[in-house]
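[1] Sharing a model prediction with you, sequence too.
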Amino acid sequence: MIDGSIIRKKRRSMHLSQRDLAANITTQTTISNLENSSGIPNSELFNKILRRLGLSMDDVFTEDTAEPGPYLSKADDASKNFDHQGVLDILKKIEPNENFTDEDTLHYDFLKADAEMWLTKDYMGAIFNYNKMQEFARNKTDLSIYSVLAVCQLGTAYYYSERVDSAIHYFNELPKLLEQIDIENNLYWTLFIMDNLTNFWSKQHEFKKSIDFGQRALEITEKYHTIDFADTLSFTVGENYAYLKGWDNKKAQEYLAQSYFLVKYTGSKVAQKVIKERLTEHHISFQW
């Protein structure tokens, strides 16, 4: 579980009121609940609060298998770092039980199914797991970001199973589903889905459609001051412009150079190497 007293102590050491800490993230009531009863908001909001305080999950986390929230937040972090085995290792410490809300169950099931898919490359097994999530979510009143993620990864699993028509079906469902999702409270996963849409339609040579999704996603990164997926989005949009208008096209070069600048900032050596090679191949300047 979370030790709320650590959050309170850190906030006070920074001379912040509960309202100051909550500003542009959540409500003062949520902060009070977090500090006094260790009540955890959704993982997106909770991670924003921790970042504002300069804390990590390890700083505030105490072992208590009764509460799923801290484990799910730690598993989120592992997933975002592509540490799929780490996700499963964390999830082994908990099992869905009476302390799980329906949202917790969907969260757990998505992280587990996604990690297993990438570790085993068993895409048919993944399709089964994501469809189980859809069955579970079908009778729920509110649409969960995790059921939307299941639709996204159904498309991905079908694509890697070489069943492209089925993949297209699921990727076509995503835009309307995203309209029902609160972007600010689900920022990372919304951008994850937008990045997948941008990448998928580019692979289908639907370059204009891919550009549209990519540019909309980049507008979201600017609005909410995040660089999550901005590097890969810029790269894919840049390539799309190049495929449509040539590698000497100004927009193509601007987006591709931007992607290299961003990936240098994020520190991904593999992505940096791929992007640098593509820029060099087409004589695009990246010495900013």
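    In hand now; what should we look at?
[2] Which helix or which strand is home to residue 213?
    Per DSSP states H and E, residue 213 falls inside helix 207-223.
[3] so what are the domain limits for this protein?
    As recorded under automatic domain parsing, the domains making up the chain are 1-62, 66-181, 183-288.
[4] Would you mind pulling up the elements that the helix holding residue 213 packs against?
    With contacts taken as 3 or more Cβ pairs under 8 Å, 6 or more residues apart in numbering; DSSP states H and E, helix 207-223 sits against helix 187-203, helix 230-245. In short, each C-beta sits where N, CA and C put it, glycine included.
[5] which SS class is residue 79?
    Here residue 79 is recorded as helix under DSSP: H, G, I helix; E, B strand; the rest coil.
[6] Please name the nearest non-neighbouring residue to it.
    residue 87 (5.2 Å; Cβ to Cβ, 6 or more residues apart in numbering).
[7] right, and the one you found touches residue 77 too?
    No. Look at residue 87 against residue 77 with Cβ atoms under 8 Å: they stay out of range, at 9.2 Å.
[8] Which of those two has more residues huddled nearby?
    residue 87 (25 against 17; other Cβ atoms under 10 Å).
[9] which element is that one on?
    Going by DSSP H and E, residue 87 is part of helix 84-91.
[10] Next, count neighbours for residue 25.
    19.
[11] which ones are touching it?
    45, 48-49, 52 (Cβ atoms under 8 Å, 6 or more residues apart in numbering).
[12] Against residue 69, how distant is the nearest residue to residue 190 once chain neighbours are set aside?
    With Cβ to Cβ, 6+ apart as the criterion, residue 190 has its nearest non-adjacent residue at 5.0 Å, and that residue is residue 183. As judged by Cβ to Cβ, to the nearest Å, residue 183 and residue 69 stand 22 Å apart.
[13] Show me which of those two is the more surrounded one.
    Comparing residue 183 with residue 69 by other Cβ under 10 Å, the one with more neighbours is residue 69, at 23 against 15.
[14] Surely the more buried one is in a helix?
    Yes. The assignment for residue 69 is a helix, going by three-state DSSP.
[15] so is the nearest residue to it once chain neighbours are set aside in a helix, a strand, or just coil?
    Counting by Cβ to Cβ, 6+ apart, the nearest residue to residue 69 once its immediate chain neighbours are dropped is residue 40, at 3.8 Å. The local conformation at residue 40, judged by three-state DSSP, is coil.
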